[in-house]
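In: this one's sequence-less:
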């Protein structure tokens, strides 16, 4: 069992954890700021898109800077 979990940890791409992590962070942050469920979901979706957009821009800049290194 330990070998299986170590093998899965080595083969899993860590970047797939960014989407659920950004989703949870935006939902918890929005829930701590607003009271109405509609407003919480609206702001959580907007914050999630901002987080993903910012990470995509940082990735693009780093990819561009490291291209043909």
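Out: Sure thing, it's come through. All values derive from a computational prediction rather than experimental measurement.
In: ranges for the helices of the chain?
Out: Applying DSSP state H to the chain gives helices spanning 2-11, 18-33, 37-66.
In: For those helices, which has the smallest mean pLDDT value?
Out: Comparing mean pLDDT across the helices of the chain, the weakest is helix 2-11, with a mean of 60.
In: before we move on, the earlier item: next, format the helices of the chain as JSON lines and append mean neighbour count.
Out: Bear in mind the C-beta positions are built from the backbone N, C-alpha and C, glycine included. Written out in JSON lines, the entries for the helices of the chain read as follows (neighbours: other C-beta atoms under 10 Å):
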{"stretch": "helix 2-11", "mean neighbour count": "8"}
{"stretch": "helix 18-33", "mean neighbour count": "14"}
{"stretch": "helix 37-66", "mean neighbour count": "12"}
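In: gap between the closest residue to residue 44 other than its chain neighbours and residue 14?
Out: Distances taken as C-beta to C-beta, 6 or more residues apart in numbering place residue 30 nearest to residue 44, at 4.0 Å, with adjacent residues excluded. Counting by C-beta to C-beta, to the nearest Å, the gap between residue 30 and residue 14 amounts to 25 Å.
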